[in-house]
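# need a 3D model of the sequence below.
(chains A, B, C and D)
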Protein chains: 4
Amino acid sequence: MNVAVVGATGYGSGELVRILNRHPHVTIRSLVSSSQAGERLVAVFPHLAHLDQTLEEWDADRLAEQVDAVFFAAPAGVSSRQMPPLVERGVVAIDLAGDFRLEPEEYQQWYGKEAPAATWLERAQYGLSEWNAAAIAEADIIANPGCYPTAALLALLPLVQAGALDQSSIMVDGKSGISGAGRGLKLSSLYSEVEGNVFPYKAGVHQHTPEMERFLQMWGTGDDWRVLFTPQIVPMSRGILITAYSRLRAGWTAQDLRDRWRAAYEEAPFVRLLEEGRWPRTKEVQGSNYCDLQLHVDDRTGYVVVAAAIDNLVKGAAGQAVQNLNIRMGWPETAGLVADPLFP
Amino acid sequence: MNVAVVGATGYGSGELVRILNRHPHVTIRSLVSSSQAGERLVAVFPHLAHLDQTLEEWDADRLAEQVDAVFFAAPAGVSSRQMPPLVERGVVAIDLAGDFRLEPEEYQQWYGKEAPAATWLERAQYGLSEWNAAAIAEADIIANPGCYPTAALLALLPLVQAGALDQSSIMVDGKSGISGAGRGLKLSSLYSEVEGNVFPYKAGVHQHTPEMERFLQMWGTGDDWRVLFTPQIVPMSRGILITAYSRLRAGWTAQDLRDRWRAAYEEAPFVRLLEEGRWPRTKEVQGSNYCDLQLHVDDRTGYVVVAAAIDNLVKGAAGQAVQNLNIRMGWPETAGLVADPLFP
Amino acid sequence: MNVAVVGATGYGSGELVRILNRHPHVTIRSLVSSSQAGERLVAVFPHLAHLDQTLEEWDADRLAEQVDAVFFAAPAGVSSRQMPPLVERGVVAIDLAGDFRLEPEEYQQWYGKEAPAATWLERAQYGLSEWNAAAIAEADIIANPGCYPTAALLALLPLVQAGALDQSSIMVDGKSGISGAGRGLKLSSLYSEVEGNVFPYKAGVHQHTPEMERFLQMWGTGDDWRVLFTPQIVPMSRGILITAYSRLRAGWTAQDLRDRWRAAYEEAPFVRLLEEGRWPRTKEVQGSNYCDLQLHVDDRTGYVVVAAAIDNLVKGAAGQAVQNLNIRMGWPETAGLVADPLFP
Amino acid sequence: MNVAVVGATGYGSGELVRILNRHPHVTIRSLVSSSQAGERLVAVFPHLAHLDQTLEEWDADRLAEQVDAVFFAAPAGVSSRQMPPLVERGVVAIDLAGDFRLEPEEYQQWYGKEAPAATWLERAQYGLSEWNAAAIAEADIIANPGCYPTAALLALLPLVQAGALDQSSIMVDGKSGISGAGRGLKLSSLYSEVEGNVFPYKAGVHQHTPEMERFLQMWGTGDDWRVLFTPQIVPMSRGILITAYSRLRAGWTAQDLRDRWRAAYEEAPFVRLLEEGRWPRTKEVQGSNYCDLQLHVDDRTGYVVVAAAIDNLVKGAAGQAVQNLNIRMGWPETAGLVADPLFP
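Numbers count the residues shown, from 1 in each chain, chains lettered A, B, ... in the order given. Next comes the predicted model:
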């Protein structure tokens, strides 16, 4: 099957190429970049010097003829503009940006601009692979989740669904490597600014907040879940650790919560429930599609702490996108995604 | 004034030497190390190659004659054993370990062994400089605070004292550089294990938990403050960022909280209240005695997020210890501590 | 085919497991560790939490029955002691330590102890895959090259063989990530000692010096090649960059040298000759078996600078070991080694 | 004495402010930035949040009235344009760019553009403090050395002057933290591009090459010193390590070379000759004005390896600039520069 990657110069795209390049059922037919069309791939990604490919202009007609699926790794607002003609002609679209994740009003409120794709939203399915496989398998458009929501939802959904958490607010404290900020030139992404530095940003106002709330609501029980999300940059390239805090309802034990996790992820090849005493570490999922989980029930305060680690560029972006393609095509969910984590 | 540093081979001691070496009123008369007595300082701290000093054996009589103050940077349990004969002879003792910070029962419960210094505890004062100066100025023994509690208490105490926080639990999410784990040889301190890695440890069971609770209780209002503390290692040498979450009482605004901070730290030379929109960053206090603060009131959830950044080895250890000596001796609080942060 | 890994707790072994685990023709039948026998693999390598395997005692008889090839990733001196009974019974042995790389006198001189395996040396072949494939294909014992020599020899051998370099000394300036120092507990491997730090060690006396000289002699022209090797630690986990300097014989141009490289590596799937203007970067080979090469002829001084980058744990250890097994078994040289570099 | 810093938004300027701010004889009267005039200092350097200063427009008349010395930390070509009117009015100018370091023809050849300051060159003195103090003490313009040349020349000059090195080429292999590339927005300065990465750049064509050659010629013996300089980026913010290789003349021993170093730097407060067996490490000079030196004579090849470590932003830029001001004003050479290295 032939696929294309649109917006092929960012870190997420580099990962898509790396993964798809070894996928048993896929050939990368086209790499599209509006800004660097005509450049050879090696000029953008020297680590792929052994691949001989050239970036191409966006051309909907050509793509519709050449490929059966397109990954959009372009900035917010681009995919929803470019996607319709392809989808109309039967091409499966997987969007790594946020264009199809929120209701229009929420989008407007949190992104601060008009929702780009209101009319197409109903044809899109949220691509949290472990929670929406049936819908993904039929979707025209797959809205690949944000990196932070992937980790937070995988950790919290089974507990919310079980009714274990108090109907109050959930604190989500996120720690991310800087590759999540993209490959754009920003002062705050310079090595000398990030090294040795940990800092919060957009506390309470990050656009992944409503994404978490929407799907806690949709797939959990109860109806008014509120998340206070504080993202933080830590000095590393890859990886996200989510630490989330919630008051626990009376009677719930750590064992109960673990049982819910176990039930939810029994068949999930990429979720690892760590044994007691072992906390998730971002480096232990590096370069892989795994999500590692652990929790602690704190009897002194009546709260539970849950932690989840993913590689933000794999399970948090390119890896989950490929997992979703696998689901959509009826291939084994792990096709192209079997690499073990790279450690150290 | 002559001083000594006991346990002079760890990172905290290196910082004590660096700071005291430039202190206008102090001479380092003796560096004591039981494990490396006889070694030259350069063998332990090559960055101090220009200093010609030799580590010495512990000898209470010699020290009592030579010095007027002793910094104990030895492992837990050592200071409380070695200190009494010196204090009896009028030497001021500043302890960087945890021996004098907790009530015996708490110590027993959280450190998992008998409290080392029960009878001497009443002669010790907790050395959180900004909150206990009057008592420190008279103390025989100064119990220098833990690194995490320093940051957490400076951020939370004014709000707790004001009655702004709901009488419920406070979540303290800590992120620390690995130098906080000391210079001992542990697998988890190796470069290849820490680089690219973020991970929680001792969630809910870290011994700094009761230290935070004790002083929130002592200097706050209300009487049953509970802290759920989750420390995490981030891939850097120095620095601590504390992010704390608490439900806010009705009616309190961000402006109110900032006013409390301003009132509390008006005269404090080392606490910087950052202007709105600017969050603390560990690298912006690197090598200095500053503590940077910021907060966000989240109307959607009714919670407040507060963040504090310090250099764990300076304000979280050696720097605050020198600040406390300054207070004890009646010198300007900033003596020897005026260095600006090292950035980048 | 069943294989075993002996010494299965170091970083190199972790990489062997990661690579062999995805190898199409290989099953890992046994992981042997004398120090941690009985431990589950996850206790040693938490990143492999999804594998359910247990470390075993060394037992030559059992191994000889179970497996057809053994990778020895144990400390120097162990493999040459344990290997003979297995080799006698037809097991292929691949040694990642230095026991079989040098003549006994050289070993004695540079390792400072008796050569461990004098009598077995003639059954061993040096496993520099690109230069010794015919012999490797028949070898009983494959002496996998050191990490620095792999990079240095791949860069220099075509030029030495061509007679392009002056019969004088070659300076090899090596830069390595700290994983090359192993997973042992050493002060100089602690995060806080390595971060922000670059430093030489063992300049002129490193045991990889005679290894480079021996094979420059063996496969080059001329007969008295001398290498002045200065290794240096740089603050990263993985990767080696070699920068080598040699006076050039009259008449040789950059084009000539590149032609020699091209001729030597035309069929080599893992050597990438970078286009002019692009220097090797360690991160561009991370996690892969590639070796990237570039050179500059400096007309002002009459010297050539050559640079080579590898992942020290892959092409410099586990990857090349698997490449050698592939050659030995007549499998495609790239079997199990097709992963693209992980970037960023 | 009042001073100004021009080009006050880069890393070097940040260090100038940090150092001058604690200088006993200096007040920073003006911070000039053409691009960010009107901004508060905290907006550019949040780590200096406790300083209340505002960046100003360039105004030669105002500066000439307000200050007695100006530090130019602006990009190449700016200082030589702005400086003359100030120097005419008796202001001491210290230039951290390269405008006054080379003869016009060399400048043209290596910088690829016309030499900016030909007519003013004779009023400038090269500010390698340890080698040119007498001239610096009288200079109108002090051309502060480049970061790499500072380390290379301090290491090599005593040996060249002694006639110990063969009249052939010297290889200088440089390793620098990325802060040396400045605070500008470049892809190659992003955290995710630098982390885990070591790579050469501008091998043989870097503009610090003629600077090294010029002063080896000027202050050494013999007259045709050629340097092959290969700079490399290593993943850290600060620090430079220079490893230099040269053939040794017959008869010279390590002891002889050390004696020359000792003689040259006996009175130099910032050059530390490390004891045998201890190699320079960049982190051991971090934040300080020290230059650490070590060497190894390799009898097998007849070469010497010398290594020097400095903090590129201190001894390699701002620190040496202040040292030069001290020399120029007749103050103690160490005024404002006594801080010990920050470790870890």
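# and chain A, what are its domains?
Following automatic domain parsing, chain A resolves into domains at A:2-145+A:315-329, A:148-313.
# make a markdown table out of those domains and add mean pLDDT and mean neighbour count.
C-beta: built from backbone N, CA, C; applies to glycine. Written out in a markdown table, the entries for those read as follows (pLDDT from 0 to 100; neighbours: other Cβ atoms under 10 Å in any protein chain shown):
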| stretch | mean pLDDT | mean neighbour count |
| --- | --- | --- |
| domain A:2-145+A:315-329 | 94 | 20 |
| domain A:148-313 | 96 | 22 |
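# in CSV: these, plus distance to C:Val297.
Output for the domains of chain A, formatted as CSV (distance: least, Cβ to Cβ, whole Å):
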stretch, distance to C:Val297
domain A:2-145+A:315-329, 22
domain A:148-313, 31
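# what helices and strands are in contact with the longest helix anywhere in chain A?
Here the longest helix in chain A is taken by residue count, with DSSP state H as the criterion, and it is helix A:147-161. Helix A:147-161 makes packing contacts with strand A:169-176, helix A:208-219, strand A:226-233, strand A:240-247, helix A:254-265, strand A:291-298, strand A:303-310 when contacts are defined by 3 or more Cβ pairs under 8 Å, 6 or more residues apart in numbering or on different chains; DSSP states H and E.
# residues in contact with the following helix or strand past the last one: which ones?
When you say that, I think you mean strand A:303-310. Following the chain from strand A:303-310 toward its C-terminal end, the next helix or strand by DSSP states H and E is helix A:319-329. Residues from elsewhere that reach helix A:319-329, judged by Cβ atoms under 8 Å, 6 or more residues apart in numbering or on different chains: A:1, A:3, A:15-16, A:19-20, A:23, A:25-26, A:69, A:71, A:92, A:94, A:96, A:127-129, A:133, A:136-137, A:139, A:142, A:144-145, A:150, A:270, A:288-289, A:311, A:313-314, A:331-337.
# got the contact list for the residue lying farthest from the centre of chain A?
With Cα atoms, centre = their mean as the measure, chain A has its most outlying C-alpha, relative to the mean C-alpha position, at A:Arg300: 34.1 Å. A:Arg300 is in contact with B:Gly204, B:Arg226, B:Leu228, counting by Cβ under 8 Å, 6+ apart.
# let's see 7 Å
Contact partners of A:Arg300, counting by Cβ atoms under 7 Å, 6 or more residues apart in numbering or on different chains, are B:Arg226.
# and it, that one's in a helix?
No - secondary structure assignment places A:Arg300 outside any helix; it is coil (DSSP: H, G, I helix; E, B strand; the rest coil).
# got the helices and strands packed on helix A:147-161 as CSV, with distance to chain C columns?
Putting these into CSV (distance: least, Cβ to the nearest Cβ, whole Å) gives the following:
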stretch, distance to chain C
strand A:169-176, 14
helix A:208-219, 21
strand A:226-233, 15
strand A:240-247, 14
helix A:254-265, 12
strand A:291-298, 7
strand A:303-310, 11
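# those: which one's closest to C:Arg249?
Distances from C:Arg249 to each of the helices and strands packed on helix A:147-161 were compared by Cβ to Cβ, and the smallest falls on strand A:226-233, at 52.2 Å.
# name every strand pairing with that closest one and say which way it goes.
Strand A:226-233 has these partner strands in its sheet, going by DSSP bridges: strand A:169-176 (parallel), strand A:199-200 (antiparallel).
# show me what whichever helix or strand comes after the longest one is in contact with.
Spelled out, it's strand A:169-176. Next in sequence after strand A:169-176, counting helices and strands by DSSP H and E, comes helix A:191-194. Outside of helix A:191-194, the residues that reach it under the criterion Cβ under 7 Å, 6+ apart are A:178, A:187, A:233, A:235, B:344, D:11, D:178-179, D:189-191, D:194-195, D:237.
# let's go with 8 Å and repeat that
Applying Cβ under 8 Å, 6+ apart, the set of residues contacting helix A:191-194 is A:178, A:187-188, A:233, A:235, B:283, B:344, D:11, D:177-179, D:183, D:189-191, D:193-195, D:235, D:237.
# need the contact list for A:Thr221.
If a contact means Cβ under 8 Å, 6+ apart, then A:Thr221 has A:Val160, A:Gln161, A:Ala162, A:Gly163 as its contacts.
# for the first one, give its distance to chain B.
Using Cβ to the nearest Cβ, to the nearest Å, one obtains 16 Å as the distance from A:Val160 to chain B.
# check the last one too.
When Cβ to the nearest Cβ is applied, the distance between A:Gly163 and chain B equals 20 Å.
# for that residue, give me its contacts.
Contact partners of A:Gly163, counting by Cβ under 8 Å, 6+ apart, are A:Thr221, A:Gly222, A:Arg249.
# for it, phi and psi?
Dihedral angles phi and psi of A:Gly163 (degrees, to the nearest 10) take the values phi 80, psi 20.
# and for the third one?
Dihedral angles phi and psi of A:Ala162 (degrees, to the nearest 10) take the values phi -80, psi -10.
# once you drop chain neighbours, what's closest to it?
The shortest distance from A:Ala162 to any residue other than its chain neighbours is 4.7 Å, reached at A:Arg260 (Cβ to Cβ, 6 or more residues apart in numbering or on different chains).
# tell me the contacts of the one you found?
A:Pro158, A:Leu159, A:Gln161, A:Ala162, A:Ala164.
# try 7 Å
Here A:Arg260 is in contact with A:Pro158, A:Leu159, A:Ala162 (Cβ under 7 Å, 6+ apart).
# which one of the residues you listed is nearest to C:Val32?
A:Pro158 (38.8 Å).
# did I read that right, A:Arg278 in a helix?
No - going by three-state DSSP, the assignment for A:Arg278 is coil, not a helix.
# which residue does the stretch 1-150 of chain A have closest to chain C?
Of all residues in the stretch 1-150 of chain A, the one sitting closest to chain C is A:His47 (4.0 Å; Cβ to the nearest Cβ).
# C:Glu284 is in contact with that residue, correct?
Yes - contact status for A:His47 versus C:Glu284: in contact at 4.0 Å, counting by Cβ atoms under 7 Å.
# who touches both of those two?
Among the neighbours of A:His47, those also in contact with C:Glu284 (Cβ under 7 Å, 6+ apart) are C:Pro341, C:Phe343.
# how close does A:Trp261 get to chain B?
Remark: distance between A:Trp261 and chain B (Cβ to the nearest Cβ) = 16 Å.
# how about the contacts made by that residue?
Counting by Cβ under 7 Å, 6+ apart, A:Trp261 touches A:Pro158, A:Leu273, A:Leu293.
# could you rerun that using 10 Å?
Contact analysis of A:Trp261 by Cβ atoms under 10 Å, 6 or more residues apart in numbering or on different chains lists A:Leu154, A:Ala155, A:Leu157, A:Pro158, A:Leu159, A:Ala162, A:Val271, A:Leu273, A:Leu293, A:Gln294, A:Leu295, A:Val306.
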